[in-house]
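> model this:
(chains A, B, C and D)
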2 protein chains.
Amino acid sequence: MTFQYEYPHPAVTTDIVIFTIHDERLELLLIKRKSEPFRDQWALPGGFVEINEDLERCALRELAEETGLTGIYLEQLYTFGEPGRDPRERVISVAYYALVPPDRIGNISAASDAREVGWFQLDSLPPLAFDHKQIVGMAHRRLSAKLNYSTIALQFMPEKFTLGDLQKVYECILGEKLDKRNFRKRVMTLDCIKDTGEYRRNGSYRPARLYAVKTPGHVEFVR
Amino acid sequence: MTFQYEYPHPAVTTDIVIFTIHDERLELLLIKRKSEPFRDQWALPGGFVEINEDLERCALRELAEETGLTGIYLEQLYTFGEPGRDPRERVISVAYYALVPPDRIGNISAASDAREVGWFQLDSLPPLAFDHKQIVGMAHRRLSAKLNYSTIALQFMPEKFTLGDLQKVYECILGEKLDKRNFRKRVMTLDCIKDTGEYRRNGSYRPARLYAVKTPGHVEFVR
DNA sequence: CCAAAAGTGTTCACCGTACACCCATGA
DNA sequence: TCATGGGTGTACGGTGAACACTTTTGG
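Numbers count the residues shown, from 1 in each chain, chains lettered A, B, ... in the order given. From the prediction side, this is the model:
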C-alpha cells in the first residue's frame, strides 16, 4: 500500500534526549543504529510520527519503547529541519528532552526489543548520527538554563533524597561546584520540598535528612 | 504528478507571528483566508515547507511574501502538531515569530498579491483560524519574557529613536507602566545603544536625544 | 508664563555570594 | 579517635524598586 500526495511531503520524526543522573554524572540514552544510514553508529532514540499521533505522544511512546517508563518529565526542545540532515529523504525532527530519576531506571535493555542501547556520560559521548550532537548540545544548554529559574532539577530526584543528593545534581549539570550553605538556603526558600522526618544512613558518617518533593510537577520562574 | 510514500506523511507548514509596534500598541499581521477551511477568517501568515527548503528559510520566505521585508529578526517559537488542528489533513506547523521595526513597514498590501492582509492590535484580535490564537499567545509570552533578559526590544526600533520611544515599546509589550528613571538607568548599563548627538523636535516641547543601536543583532542574558 | 514631555540621583530593602566551624556516625 | 560527609549563620556588595523636581521648548 502506498500513500499519494499532490505535493511532496517531508517525513516527521521525534527524537528524544533522555537524561538521567548516574554516579554523579549527567548521562543520556543512546541507541545503536542497525541500518543505514549511520549503521552501527549511536543515535538518539526517536522515530516517525504516526499520522494520527500527537507529537508529544509520539515522544512519550518512543520513551516508553526504549525505557519502559511512563510519567516522565518531557518538554519540547526545538525542531530541526535542515534539508540533508537525513541522507535518505527530507526528515524534520521535533526534538524533545526527558528527565528520568535514576531509581526509575530498571532493566532498560529488557524493554528495548533486542536493540543495543546504553547510557553515556554527556562529556564522553561517542560520535553521533545525523545532527544529534547539535540536538544534545541544545538540550544541555536548555537544561542548564532552567536550573536557574525553575525547580526542574526535582524531576531527577527519587521519592526520598538528601540535600547533598540534590546539590550534586545541580553540580553535575552545571559543571561547577556550588557552596553548600548558599545552596541549601536557596532550596529552602523555594519551599518546594518537605522534610520526611527520616534519615539515610550512608553506611558510615552522619545520617542525612531525607526530603521529598512537595508538589508533583515543577515550578517555572522561581526567581 | 503525484508523490508516493510507503507510509503516510504529514504536511509541514511554518506559521509566523509578525509583530510590530504602531501607535504605542503591539500589533501583528493577519491574512484573511480565501478558501476552506476557515474561509474568510483571519489567520497567521504561513505556508507549506517546500521539500528542499530549510524551515527558517521557509518562514523568511513567507515573511517576505507578505511584507516584502528581508533582514528581519526571526526566531523559532514552537511546533504545533496536534492531529485535527487542520481538518483537511495532518498538518504540523513550525511556528516562528518576527519583529518588524515600524519604519520598515511600507505598503504591505502591495507586496501581498491581492490577498487581504491587515495589522491588528494584540488586545483586540478577531477570531483566528486553526489554533492560531494559541500560537499568538505563546509568541507574546515568549516576547515578554525575553524583554527581561535580552535586548530583543531593540529589534523594534528604527535607526534613530528616543529613550521615550524605547520605553513605550517595553510598556506596550509588558502591558504596564515603567519608571522612567529606572528604565533609563537600566538601558544605559546595558551599553547597547549610542547617542547620535542629534535631537528630535516633537513639534513642541523639549527636544529628545536620538539614540541608535550600537551593534546589530541582540544580546541574550544581559542580567 | 503655561503646558508638556525630557532629563536627572538618592535611598532602601532584598538577595546572591563569600566564607569556617561543629556535629553525628561507623570503623 | 579519626575520617567523612551533614549541617549551620553572618557580613558585605550589588541590584531592583520607589520616589520628585528641574529643564527645555512652543504656544
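> CA only for contacts and neighbour counts going forward, please
Noted.
> May I see the domains of chain A written out as residue ranges?
For chain A, whose domains are defined here by automatic domain parsing, the residue ranges read A:11-147, A:152-213.
> Does the first one reach chain B?
Yes - part of domain A:11-147 sits close enough to chain B to count as contact by Cα under 8 Å from any Cα of the partner chain, namely A:11-12, A:50-55, A:76, A:78-83, A:90, A:94.
> and the domains of chain A as CSV, adding mean pLDDT and mean neighbour count?
As requested, the domains of chain A are arranged in CSV below (pLDDT from 0 to 100; neighbours: other Cα atoms under 10 Å in any protein chain shown):
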stretch, mean pLDDT, mean neighbour count
domain A:11-147, 94, 18
domain A:152-213, 95, 15
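> nearest to DNA strand D, of those domains?
In terms of Cα to the nearest atom of the strand, the element of those nearest to DNA strand D is domain A:152-213, at 3.3 Å.
> Is the closest one positioned near DNA strand C?
Yes - part of domain A:152-213 sits near DNA strand C under the criterion Cα under 7 Å from any atom of the strand, namely A:179-182, A:186, A:201, A:203-207.
> What is the nearest of these to B:T20?
Nearest to B:T20 among the residues of domain A:152-213 next to DNA strand C: A:R186, at 39.2 Å, using Cα to Cα.
> Give the helix, strand or coil label for the closest one.
helix (DSSP: H, G, I helix; E, B strand; the rest coil).
> For A:V213, give the beta-bridge partners.
Applying DSSP bridges to A:V213 yields these beta-bridge partners: A:I193.
> Now do the same contact list for it.
Contacts for A:V213 (Cα atoms under 8 Å, 6 or more residues apart in numbering or on different chains) come out as A:154, A:159, A:192-194.
> among these, which two are most distant?
Farthest pair in these (Cα to Cα) is A:E159 and A:C192. Separation: 13.4 Å.
> Distance to DNA strand D for the domains of chain A - can I get that in TSV?
Formatted as TSV, the domains of chain A follow (distance: least, Cα to the nearest atom of the strand, whole Å):
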stretch	distance to DNA strand D
domain A:11-147	13
domain A:152-213	3
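> I'd like these as JSON lines, with distance to B:K214 appended.
Shown next, in JSON lines, are these (distance: least, Cα to Cα, whole Å):
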{"stretch": "domain A:11-147", "distance to B:K214": "27"}
{"stretch": "domain A:152-213", "distance to B:K214": "32"}
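> wait, which of those domains is closest to B:F19?
Nearest to B:F19 among the domains of chain A is domain A:11-147; the distance by Cα to Cα comes to 21.2 Å.
> Quick one: end-to-end distance for the closest one.
End-to-end distance of domain A:11-147 (Cα to Cα, to the nearest Å): 34 Å.
> next one: stretch A:66-77
Taking Cα to Cα, stretch A:66-77 runs 19 Å from one end to the other.
> what do you get for stretch A:6-25?
Using Cα to Cα, one end of stretch A:6-25 lies 49 Å from the other.
> how about A:P83, what does it touch?
Applying Cα under 8 Å, 6+ apart to A:P83 gives the contacts A:90-91, B:51-54.
> Relative to A:L210, how far out is it?
According to Cα to Cα, A:P83 stands 50 Å off from A:L210.
> so how far is the longest strand anywhere in chain A from its chain's centroid?
Using DSSP state E to define each element, chain A has its longest strand at strand A:11-22. Averaging C-alpha positions (Cα atoms, centre = their mean, to the nearest Å) puts strand A:11-22 6 Å from its chain's average.
> What helices and strands are in contact with it?
Counting contacts by 3 or more Cα pairs under 8 Å, 6 or more residues apart in numbering or on different chains; DSSP states H and E, strand A:11-22 packs against strand A:25-32, strand A:46-48, helix A:55-67, strand A:91-100, helix A:132-147.
> what's the angle between the fourth one and strand B:91-100?
Put simply, strand A:91-100 runs at 90 degrees to strand B:91-100, going by axes from the mean of the first three to the mean of the last three Cα atoms, to 10 degrees.
> Also the first one?
Between strand A:25-32 and strand B:91-100, the angle formed by their directions is 130 degrees, by the same axes, to 10 degrees.
> Now do strand A:25-32: everything it contacts.
A:17-21, A:39-45, A:115-122, A:169, A:172-173.
> Go through the contacts of A:V213 and name the one nearest DNA strand C.
Distance to DNA strand C across the contacts of A:V213 (Cα to the nearest atom of the strand) is lowest for A:C192, with 14.8 Å.
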